[in-house]
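A.B. asks: show me how the following folds:
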Amino acid sequence: QLVASGGDSVQAGGSLRISCKVSGDGHNTNSMAWFRQAPGKEREGVAVSDRSGKGTSYADPVKGRFTISRDSAKNILYLQMNALKPEDTAMYYCAAIPYSCSRVPPLGAVQYWGQGTQVTVS
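C.D. replies: Below you'll find the predicted structure:
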């Protein structure tokens, strides 16, 4: 089970950190990723972290602004978002990937999805 939280409304240029608590079968996951879906648009990959947390990859629109991290002891995945832009407005979903990813994975790679948390930038 993946439970995302921390979404909020923020002003452009601001920062926000969202979290995803992993439990149950999600403990056995390999890579973890964040995806987002804006109204009227397809869901897209944002960032991915390998099991160790040392290998990460980002989609071009968020490179240099977002940071994905994992707290293995607490089984929590984070996404720190800085310099937020209105185009970052979306529902953000955490996802569990059953294998190691060196790049942001496609939707079909996801084994488990979280329920989503809304981020609104104005």
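A.B. asks: not counting sequence-adjacent ones, nearest residue to the most centrally placed residue in the chain?
C.D. replies: The C-alpha lying nearest the average C-alpha coordinate of the chain belongs to W34 (Cα atoms, centre = their mean; 2.1 Å). Spatial nearest neighbour of W34, excluding adjacent residues (Cβ to Cβ, 6 or more residues apart in numbering): V46 at 4.4 Å. Heads up, the C-betas are built off the backbone N, CA and C, glycines and all.
A.B. asks: so what's the one you found up against?
C.D. replies: Listed by Cβ atoms under 8 Å, 6 or more residues apart in numbering, the contact partners of V46 are A33, W34, F35, R36, Y58, A59, V62, F66, L79, Y92, V104.
A.B. asks: for the record, mean pLDDT for the helix or strand where A96 lies?
C.D. replies: When elements are assigned from DSSP states H and E, A96 belongs to strand 90-97. Confidence over strand 90-97, taken as the mean pLDDT, stands at 97.
A.B. asks: elements contacting it?
C.D. replies: If you count contacts as 3 or more Cβ pairs under 8 Å, 6 or more residues apart in numbering; DSSP states H and E, strand 90-97 packs onto strand 2-5, strand 16-22, strand 31-37, strand 112-113, strand 117-121.
A.B. asks: just grab the bridge partners of the residue nearest to the centre of the chain for me.
C.D. replies: With DSSP bridges as the criterion, the beta-bridge partners of W34 are A47, C94.
A.B. asks: try C20
C.D. replies: Listed beta-bridge partners, C20: A4, L77 (assigned using DSSP bridges).
A.B. asks: tell me, how many residues neighbour the closest residue to T29 other than its chain neighbours?
C.D. replies: Once its chain neighbours are removed from consideration, T29 has its nearest residue in A96; the separation is 3.7 Å (Cβ to Cβ, 6+ apart). The criterion is other Cβ atoms under 10 Å. On that basis, A96 has 24 neighbouring residues.
A.B. asks: thank you, goodbye.
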